[in-house]
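[1] Sequence and predicted model, in that order:
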There are 2 protein chains.
Amino acid sequence: MEFSETVRRRRMVRNYLPDPVPADVLDRVLDRARRAPSAGFTQAQSFVAVTGADRRAEIARLAHEDEYVAAGFDPWLSLAPVHVIICTSEAAYRARYSEPDKAGAADAQDWPVPYWYVDAGASLMLLLLAAVDEGLAAGFAGSHSLAGIQELLGIPPEVMPIGLVTLGYPAPDRRSGSLARGWKPIEGVVHRERW
Amino acid sequence: MEFSETVRRRRMVRNYLPDPVPADVLDRVLDRARRAPSAGFTQAQSFVAVTGADRRAEIARLAHEDEYVAAGFDPWLSLAPVHVIICTSEAAYRARYSEPDKAGAADAQDWPVPYWYVDAGASLMLLLLAAVDEGLAAGFAGSHSLAGIQELLGIPPEVMPIGLVTLGYPAPDRRSGSLARGWKPIEGVVHRERW
């Protein structure tokens, strides 16, 4: 699909058909998603892809799907045939910037911005677009139950899940009320030459 | 361009031809880049696009281009005909989650992850891909001089620059030494069913 079309079509989807995602489609999506950049080429972004129904049901419980359903949404976490937990690791960045080629800079560990989260966001964007490119829909739950999911999936303590991406074939869904805000006009987000 | 091709071609470029980027090309890149998702549709990601040579030279100075040049790289910040400063704002997310439709949740302000940085990373990824789609190259300087750039460009104190993207037509460049690490094998970054 044309890049511009993937951007145009991408939106958060909160309902899915029961159809599974073929293994080769999921493999391509994950292979694209791992191509995001990272500071120092640390490559500390990681993914846990879950397709088993029991484990997805447990993730949905930990991520408080009941609150979405109480608010009138479909049980989109349980229904989505694939969950992808995106993770990052501050520890990995600190280890990378302790290596000989990086440790020389006096401020090598003094980041004004936590780039492990920025780079995880780049991976998230790539995963969302890669899903669209393969004809899938995707959603995102920035979970407040990350600790529970971490334990369930055996994610090491130095690795931080940043949220859960649902993947599947889209069904008609109730859209987020936040969308009523509309996109800001471009002048509100793009400044020219100075703020 | 096909989405998969934009992913395949994208890499950080640290040298540019002097050719300016046509205004319509830059406009399309920025219009795509602003389509990243954001928690609560906060849309607090913002961009300052700088093309003026004097201001770019000052940004290059603040971003310590001299250190890159001392390390054998080209003066890629000065040479790039466009600088785009990507910004985010924690304050905007806190304001958004104080609005009536969000304030109800007991943990509405208790984020386990600073999503303002994650969402800024999504914008960064989209900007990098949009540049490739338009035949441009892009680089990224995660600046240690963000405060200086903030003052230079009049960026308000509640807005946080997360780094500088260079845009332009690519020239042969010295690649980052970090690339010698190579991409991790997919088994190192994608886990199946559990870690």
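    Happy to help now that I have it.

[2] so residue A:144 sits right up against residue B:115, yeah?
    No - assessed by CB atoms under 8 Å, residue A:144 is found out of contact with residue B:115, at 11.5 Å. Using the backbone N, CA and C atoms, a C-beta is placed for each residue, glycine as well.

[3] higher neighbour count, those two?
    For residue A:144 versus residue B:115, neighbours defined as other CB atoms under 10 Å in any protein chain shown are more numerous around residue B:115 (26 against 19).

[4] And the pLDDT for the nearest residue in space to the more buried one that is not next to it in sequence?
    The shortest distance from residue B:115 to any non-neighbouring residue, by CB to CB, 6 or more residues apart in numbering or on different chains, is to residue B:39 (4.3 Å). Listed pLDDT for residue B:39 reads 94.

[5] Let me know the next secondary structure element after the top strand by length along chain A.
    Using DSSP state E, we find that the single longest strand of chain A is strand A:160-168. Remark: after strand A:160-168, the chain's next helix or strand is strand A:190-192, criterion DSSP states H and E.

[6] if we can go back for a sec, could you name the helices and strands sitting against the longest strand of chain A?
    Contact analysis of strand A:160-168 by 3 or more CB pairs under 8 Å, 6 or more residues apart in numbering or on different chains; DSSP states H and E lists helix A:76-79, strand A:82-88, helix A:115-133, strand A:137-141, helix A:146-153 as its packing neighbours.

[7] By mean pLDDT, which helix or strand of chain A comes out lowest?
    Least confident helix or strand of chain A, by mean pLDDT, DSSP states H and E, is helix A:100-103 with a mean of 82.

[8] Same question for that one: list its buried residues.
    Neighbour counts over helix A:100-103 (16 or more other CB atoms under 10 Å in any protein chain shown) mark residue A:102 as buried.

[9] Pretty sure the residue nearest to residue B:115 sits against residue B:122.
    No - contact criterion CB under 8 Å: residue B:39 and residue B:122 do not qualify, at 10.5 Å.

[10] So between those two, which is more surrounded?
    Taking other CB under 10 Å, residue B:39 and residue B:122 do not tie; residue B:122 has more neighbours (29 against 20).

[11] My guess is that one contacts residue A:120. True?
    No - judged on CB under 8 Å, residue B:122 makes no contact with residue A:120 at a distance of 9.4 Å.

[12] The residue of chain A found nearest chain B: what's its closest spatial neighbour, skipping adjacent residues?
    Nearest to chain B in chain A, going by CB to the nearest CB, is residue A:121, at a distance of 2.5 Å. Using CB to CB, 6+ apart and skipping residues adjacent in sequence, the residue nearest residue A:121 is residue B:121, 2.5 Å away.

[13] Poorly predicted segments of chain A, please.
    Scanning chain A for pLDDT under 70 picks out the ranges A:104-108, A:143.

[14] Relative to residue A:133, how far out is the residue nearest the centre of it?
    What sits nearest the mean C-alpha location of chain A, by CA atoms, centre = their mean, is residue A:124, with 3.7 Å. The spacing between residue A:124 and residue A:133, counted by CB to CB, to the nearest Å, is 15 Å.

[15] got it, and residue A:80?
    18 Å.

[16] Among these two, which residue is more densely surrounded?
    Remark: of residue A:80 and residue A:133, residue A:80 carries more neighbours, 32 against 23, as counted by other CB under 10 Å.

[17] Provide a list of residues in contact with the more buried one.
    By CB atoms under 8 Å, 6 or more residues apart in numbering or on different chains, residue A:80 lies in contact with A:16, A:56, A:139, A:166, A:167, A:168.

[18] now swap in residue A:176 and tell me
    For residue A:176, the contact set (CB under 8 Å, 6+ apart) comprises A:12, A:14, B:41.

[19] Tell me what the first one is bridged to.
    Legend: beta-bridge partners of residue A:12 under DSSP bridges are residue A:138.

[20] That one reaches residue A:141, doesn't it?
    No - counting by CB under 8 Å, residue A:12 stays clear of residue A:141, with 9.5 Å between them.

[21] excluding its backbone neighbours, what's nearest residue A:173?
    residue A:15 (3.5 Å).

[22] what about the one you found, how many neighbours?
    For residue A:15, the neighbour count with other CB under 10 Å is 20.

[23] wait, it sits on residue A:169?
    No - look at residue A:15 against residue A:169 with CB under 8 Å: they stay out of range, at 10.2 Å.

[24] Sheet partners, orientation included, of the longest strand of chain A?
    Within its sheet, strand A:160-168 is paired with strand A:82-88 (antiparallel), strand A:137-141 (antiparallel), according to DSSP bridges.

[25] now the longest one and helix A:115-133, what's the angle there?
    Looking back up the chat, that one is strand A:82-88. Taking axes from the mean of the first three to the mean of the last three CA atoms, to 10 degrees, one finds strand A:82-88 and helix A:115-133 inclined to each other by 160 degrees.

[26] Would you mind listing the residues in contact with residue A:40?
    A:93, A:96, A:97, A:102, B:178.

[27] actually residue A:126, not the one I typed
    Residues in contact with residue A:126, defined by CB under 8 Å, 6+ apart, are A:32, A:33, A:35, A:36, B:7, B:125.

[28] Over to residue A:155?
    By CB under 8 Å, 6+ apart, the residues touching residue A:155 are A:48, A:85, A:87, A:149, A:161, B:195.

[29] List buried residues within the residues you listed.
    Looks like those have A:48, A:85, A:87, A:149, A:161 buried, using 16+ other CB under 10 Å.

[30] now, the most widely separated pair of those?
    Using CB to CB, the two most remote members of the buried ones among the contacts of residue A:155 are A:87 and A:149, lying 10.0 Å apart.

[31] list the residues that contact both of these two?
    Residues touching both residue A:87 and residue A:149 by CB under 8 Å, 6+ apart: A:155, A:161.

[32] Residue A:72: neighbour count?
    By the measure other CB under 10 Å, the count of residues near residue A:72 is 8.

[33] That one is in contact with residue A:175, isn't it?
    No - counting by CB under 8 Å, residue A:72 sits too far from residue A:175 to count as a contact (10.9 Å).
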